[in-house]
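**Student:** Would you be able to build a 3D model of this:
(2 chains)
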Amino acid sequence: MSAFREIAHNGVWKQNTGLVQLLGLCPILAVSTTFVNCVSLALATILVMALASGMVASVRSFIPREVRIPVFILIIASLVTMVDLAMNAWLHELYRVLGIFIPLIVVNCIVLARVEAFAAKNTPLIAAWDGAMMGVGMVVAIAVLGGLREFIGTGMLFSGIEMVIPGAQALQLLPERYPGFLVAILPPGAFLVLGFMIAGRNLLDARAAARVPPVHKIQAQT
Amino acid sequence: MSEPTALRVSLRTAFILTVFTVVFTTLMATTYRATKPAIDASVEAEKMKLVDEVLPAHHYDNALLDDFIMVAPRAELGLDARDDAVRLLRARKADAPAALVFEAVAPDGYGGKIRLILAIGTDDRVIGVRVVSHKETPGLGDYIDPKKDRNKSAPWIRQFDATGFGQVADANWKVKKDGGHFDARAGATISARAVTNAVRRALQFAVEHRDKLYALPAKSVLEKEPTP
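**Tutor:** Numbers count the residues shown, from 1 in each chain, chains lettered A, B, ... in the order given. Okay, the predicted model is just below:
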């Protein structure tokens, strides 16, 4: 069981795709103008990653080493195509916003990276879990990024939620008169906010690391 | 058996690759067939939703999406020879002409092309205009899209509603900054100017060709008349 916990910790914090590995930044930066966009794309990515990792792990013994990359890409591309079609059919409004980024999940290097580095060497269940957790890490990072950009840029949160949950309303957090802070919504804002988030995460890590040694010392003395 | 030959290895690998390809293509094809009806329905619904915004359903009683003609690209609609022909829908009530619904492009937006959909009634007045797609600056020029317009009670684009050349003369159909009739928000005149001019051109086109547009058989093509 602890293997699962370690994978989860790895995916969400220690090797967070968005904040530590800095992989797959293109979709993260491009869609992160609103919270809803971000979370939707990230959920699609989780789905693809979990399915791809699970599937690759289940057929890994049939894949000749020499041609494993084409097979991985075939599997990932097929899954993305299916997710793309399903979203187009059943979440059409959202698909209009995210449409061009869904096919890009194919080339999101984080998917192939996890399949190659982890799924190809592990059992299906644990590989699917790893894929899902890497995705969850991405959701967390991108949700904070999108939420911050939307809040700073427009003073609102959850705009566009009606595309996912019909009838739901966006929240107006700052007064109507808030003029908006354009930079946050424009592309440079994505880099700025991401930069601050990475710094913040490193700060938390540094603090945690600074706290640990004294504990060790005490343990060593007793 | 000796060492397997290169040919044997290639054939074996190719076979495995083929099996994978067949399996996953089948999966994709199945998904495609399962989702196709839903996708077609959403595309249709989306088109109708846009049409509904510019032309409320009480104006017509025909099968609007089926009564269309294709209009070859022409400058009045902001299209040049590289563009595709656009669809022009003809709304009728009790078989009498009611309105024309078509897309036009403002090629000179701040961020490039602004695509519009307009409905123009038989009285030669605009019934409604909406922006279909644009790349204007968020928070600045994007008020041309009523969803982004901060003034919810009187969105900018509604100025054109129920307006024709009888209300605002042809020569006056400009933004105020250019000495015309229509408002534009300070600091973002370019977007408003592009849309205003595009609406004027589209309205001129509809007025000039009105009878022909209603009379052409459904699904025929209106070619560009040769310029003298």
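
**Student:** Figure out the helix or strand that residue B:104 lives in.
**Tutor:** Counting by DSSP states H and E, the element that carries residue B:104 is strand B:96-109.

**Student:** For that strand, give the mean pLDDT please.
**Tutor:** In this model, strand B:96-109 has a mean pLDDT of 91.

**Student:** in that strand, what's buried?
**Tutor:** For strand B:96-109, burial by neighbour count (16 or more other C-beta atoms under 10 Å in any protein chain shown) applies to B:97-106, B:108-109. From N, CA and C alone the C-beta is placed, and that goes for glycine too.

**Student:** Return the list of helices and strands in contact with that strand.
**Tutor:** strand B:86-93, strand B:112-121, helix B:189-215 (3 or more C-beta pairs under 8 Å, 6 or more residues apart in numbering or on different chains; DSSP states H and E).

**Student:** and the gap between residue A:151 and chain B?
**Tutor:** The gap separating residue A:151 from chain B is 14 Å, by C-beta to the nearest C-beta, to the nearest Å.

**Student:** Of the helices and strands packed on strand B:96-109, which is nearest residue A:191?
**Tutor:** Counting by C-beta to C-beta, residue A:191 lies closest to strand B:112-121 out of the helices and strands packed on strand B:96-109; the figure is 23.5 Å.

**Student:** Let me know how buried residue A:6 is, in neighbour terms.
**Tutor:** 12 (other C-beta atoms under 10 Å in any protein chain shown).

**Student:** Now do the SS call for it.
**Tutor:** Classification of residue A:6 by DSSP: H, G, I helix; E, B strand; the rest coil places it in helix.

**Student:** so residue B:170 makes contact with residue B:200?
**Tutor:** Yes: when contacts are counted by C-beta atoms under 8 Å, residue B:170 is listed as touching residue B:200 (7.3 Å).

**Student:** Between the two, point out the one with more neighbours.
**Tutor:** residue B:200 (21 against 11).

**Student:** confidence score at the more buried one?
**Tutor:** Looking at residue B:200, its pLDDT reads 94.

**Student:** do residue A:139 as well
**Tutor:** So, for residue A:139, pLDDT stands at 86.

**Student:** Kindly provide the distance from it to residue A:179.
**Tutor:** Relative to residue A:179, residue A:139 is positioned 30 Å away (C-beta to C-beta, to the nearest Å).

**Student:** got it, and residue A:169?
**Tutor:** Going from residue A:169 to residue A:179 by C-beta to C-beta gives 22 Å.

**Student:** that older thread, of residue A:139 and residue A:179, who's got more company?
**Tutor:** residue A:139 (20 against 10).

**Student:** Can stretch A:107-119 be said to contact chain B?
**Tutor:** No: if you take C-beta under 8 Å from any C-beta of the partner chain as the test, stretch A:107-119 misses chain B, and the best it gets is 13.9 Å.

**Student:** List the buried residues of that stretch.
**Tutor:** Here stretch A:107-119 shows A:108, A:110-112, A:114-115, A:118-119 as buried, counting by 16+ other C-beta under 10 Å.

**Student:** Is any residue of the one helix or strand in chain A whose mean pLDDT sits lowest near chain B?
**Tutor:** For chain A, scoring each helix and strand by mean pLDDT, DSSP states H and E identifies strand A:171-172 as the least confident one, at a mean of 74. No: Strand A:171-172 does not reach chain B (C-beta under 8 Å from any C-beta); its nearest approach is 11.6 Å.

**Student:** Centre of the chain to the longest helix belonging to chain A, how far?
**Tutor:** Using DSSP state H, we find that the single longest helix of chain A is helix A:187-221. Relative to the mean C-alpha coordinate of its chain, helix A:187-221 is positioned 20 Å out (C-alpha atoms, centre = their mean, to the nearest Å).

**Student:** Just checking that helix against chain B, any contact.
**Tutor:** No: Helix A:187-221 stays clear of chain B (C-beta under 8 Å from any C-beta), getting no nearer than 10.7 Å.

**Student:** buried sites along that helix?
**Tutor:** So helix A:187-221, judged by 16+ other C-beta under 10 Å, has buried residues A:189-190, A:192-194, A:197-198, A:201.

**Student:** Before I go, just wanted to say thanks for your time.
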